[in-house]
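In: Let me see the structure of the following:
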Amino acid sequence: MTQLIVLPHPELCPEGSVIEATAGTSVCDALLENGIEIEHACEKSCACTTCHVVVREGFASLNPAEELEEDLLDKAWGLEPNSRLSCQALVGATPLVIEIPKYTINMVKEGKR
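Out: Have a look, this model is predicted:
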């Protein structure tokens, strides 16, 4: 199991969290399996940027981003050099520190009023 440290996010994870994920699991799935309801408007099909995360530590250990992901990331709010779509970034053996950006380009959130 690999440790993921999730930095505090005002809505999704106010206190931050430390979770364990199996190598080969996407960061998005690991977050969702541990009760961190990250947006994933395209249902994890690499068609949007709502699951965008910034990998503060451990970025180099992730599988390389494919061209489609790189193209989509250009549209993400708050893009940084160590940004990834969490549905495409697969956990390896190296611990990760993950920051979920405060905003996404999604104008409507399911279940929100």
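
In: gap between Ile105 and Ala41?
Out: As judged by Cβ to Cβ, to the nearest Å, Ile105 and Ala41 stand 9 Å apart. For the C-beta atoms, the positions are set from N, CA and C on the backbone; glycine is no exception.

In: more crowded one of those two?
Out: More crowded of Ile105 and Ala41, by other Cβ atoms under 10 Å: Ala41, with 17 against 13.

In: Am I right that the more buried one is in contact with Leu72?
Out: No: counting by Cβ atoms under 8 Å, Ala41 does not reach Leu72; the two are 11.9 Å apart.

In: Please enumerate the shared neighbours of these two.
Out: Counting by Cβ atoms under 8 Å, 6 or more residues apart in numbering, the contacts common to Ala41 and Leu72 are Cys48.

In: need the contact list for the residue nearest to Ile5 when sequence neighbours are not counted.
Out: Closest residue in space to Ile5, ignoring its immediate chain neighbours: Val97 at 4.7 Å, by Cβ to Cβ, 6 or more residues apart in numbering. By Cβ under 8 Å, 6+ apart, the residues touching Val97 are Leu4, Ile5, Leu7, Val55, Arg56, Glu57, Gly58.
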